[in-house]
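S.K.: Next come a sequence and a model predicted from it.
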Amino acid sequence: MSSSVNTRKCEAAAPERSVAADDAPSALTGPMTVFFAAAVGVIVMNLFAAQPLTGPISRSLHLAPGLTGLAATLPQLGYAAGLVLLVPLCDLVENRRLIVCVLGCCAACLATAALAHSGTVFLLASFLAGATSSVIQMLVPMAASMAPAHHRGRAVGNVMSGLMLGILLSRPAASLVTGLAGWRSFYLIAALVDAILLVVLQARLPMRKPAVETTYPALLGSLVTLLRVEPVLQQNALSASLVMGAFSAFWTAIGLRLGQPPFGFGMNDLALFALAGAGGVVVTPFAGRAGDRGIGRQVLFAGHVTMLAAWLVIGAAGAGWLGFSPGAHRAVAICLLAAGAIALDAGVVTDQTLGRRAINLLSASARGRLNGLFVGAFFVGGALGAMLAGLAWTSAGWPGVCAIGFGFTGLAFVLRRVGPQTRDDVRL
């Protein structure tokens, strides 16, 4: 399908009237790219950091046992709400003002959570902090709009490397700060950092006025239309959701496996393992450049094959697949699990970087909504992967988790091989 046809479909997805040119990029300098990557990496920690802190938080706030899990779940539910209700505003409201306002609300919510002495107040604040953390998906398309089209993949890849690094480092960082100064300190630091980012963004971001006028209800209604009419979005969002399911399955259950014999990891060991796994993000900028050079399909194929191989290695090291004995070769098994984690993460960020690049080359007038839909899809995939991994661990142990992860990855591989292919190499 040609670029012009896809663009017309996106522009027809909402009852809107063009009022200004929107896709004239400003220069995205190297330092500004690093700042964007650091900003999204810091903000995304808000969504995952609470997972290792549920125990201290629940004890401090005297949460009922049935509500303990909400401390970790509500930020992500809030984020999903923000993707639907806030991110589409990028196509309606001047972007710099929107980003600054939403990030300011995020900092206020984090500070409220840090100071809360009521479980209800904390849970509400954490939900709202998650919702306003969706500002990440306003920053990524802003960075894309500031880059020339022929370098847009590189820009998106560089920013996405910060995002993925933030996801992987959020749990060990939260555990470290909490161990040194308590869980409230982590939330206060997060609020302060967001406030500093707000000041810098206000000073450095260019104004970006959307090129359309419409109503907010019509904007939300157009989300369904965009998802229905845009095949580039459909294919990339589904693929990203599947690989995110595999990623989430691994990181949901790996702590449980490493806590068992023959590994016997404690919290500090798990934090170090998570740091090792973060090495996979180094491929992110290279994936973006591959898309810019017109070899995105080949690199995506290699990324999916790498993930499939990683699951075989992870299965061997953790479950004795391929005749390997983890008990007899503990050190080798740990190294293999770390290598598998790096390879798995590399494949995930390759898929997501190329997918995000593809949708950011669609209509500029719908960029906010397209990014919200794309991220929402792989967020759902991640939640499904975590849920299935928990069930698989309970019923079949580590072999069951590996089967879930291999299945998700295999489906993504098949989708890219037999699904509809765009002929424009600029978009994969």
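M.R.: Here it is on my side, so go on. As the structure is a computational prediction, the values presented were derived from the model and not from experiment. Numbers count the residues shown, from 1 in each chain.
S.K.: just the helices in the stretch 51-200 of the chain please.
M.R.: All helices of the stretch 51-200 of the chain, identified by DSSP state H, counting those that start in this stretch, fall at 54-61, 70-85, 95-115, 119-132, 136-146, 152-181, 183-204.
S.K.: Any chance of a markdown table for the ones you listed, columns mean pLDDT, mean neighbour count and distance to residue 321?
M.R.: C-beta: built from backbone N, CA, C; applies to glycine. Putting the helices of the stretch 51-200 of the chain into a markdown table (pLDDT from 0 to 100; neighbours: other Cβ atoms under 10 Å; distance: least, Cβ to Cβ, whole Å) gives the following:
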| stretch | mean pLDDT | mean neighbour count | distance to residue 321 |
| --- | --- | --- | --- |
| helix 54-61 | 84 | 17 | 32 |
| helix 70-85 | 84 | 21 | 31 |
| helix 95-115 | 96 | 21 | 43 |
| helix 119-132 | 94 | 22 | 37 |
| helix 136-146 | 83 | 25 | 37 |
| helix 152-181 | 78 | 23 | 25 |
| helix 183-204 | 94 | 18 | 38 |
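S.K.: okay, and the helix or strand of the protein with the least pLDDT?
M.R.: strand 17-18 (a mean of 36; mean pLDDT, DSSP states H and E).
S.K.: Could you identify the helix or strand that succeeds that one?
M.R.: helix 30-48 (DSSP states H and E).
S.K.: gap between that following helix and the chain center?
M.R.: 12 Å (Cα atoms, centre = their mean, to the nearest Å).
S.K.: Put the alpha carbons of it into CSV.
M.R.: Output of helix 30-48 as CSV, limited to C-alpha atoms (Å, rounded to 0.1, in the frame of the first residue of the first chain):
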residue,chain,number,x,y,z
GLY,A,30,22.6,15.1,19.6
PRO,A,31,22.3,16.5,23.1
MET,A,32,18.6,16.9,22.8
THR,A,33,18.2,13.3,21.6
VAL,A,34,20.1,12.2,24.7
PHE,A,35,17.9,14.3,26.9
PHE,A,36,14.7,12.9,25.3
ALA,A,37,16.0,9.3,25.9
ALA,A,38,16.9,10.1,29.5
ALA,A,39,13.6,11.8,30.1
VAL,A,40,11.4,8.9,28.9
GLY,A,41,13.7,6.4,30.7
VAL,A,42,13.2,8.3,34.0
ILE,A,43,9.5,8.7,33.6
VAL,A,44,8.8,5.1,32.7
MET,A,45,10.2,4.0,36.0
ASN,A,46,7.0,5.3,37.6
LEU,A,47,5.2,2.4,36.1
PHE,A,48,7.3,-0.5,37.2
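S.K.: buried set for that helix?
M.R.: Within helix 30-48, the residues scored as buried using 16 or more other Cβ atoms under 10 Å are 32-33, 35-48.
S.K.: Can you give me the domain boundaries for the protein?
M.R.: Here the domain parsing of the chain from automatic domain parsing is 23-210, 217-428.
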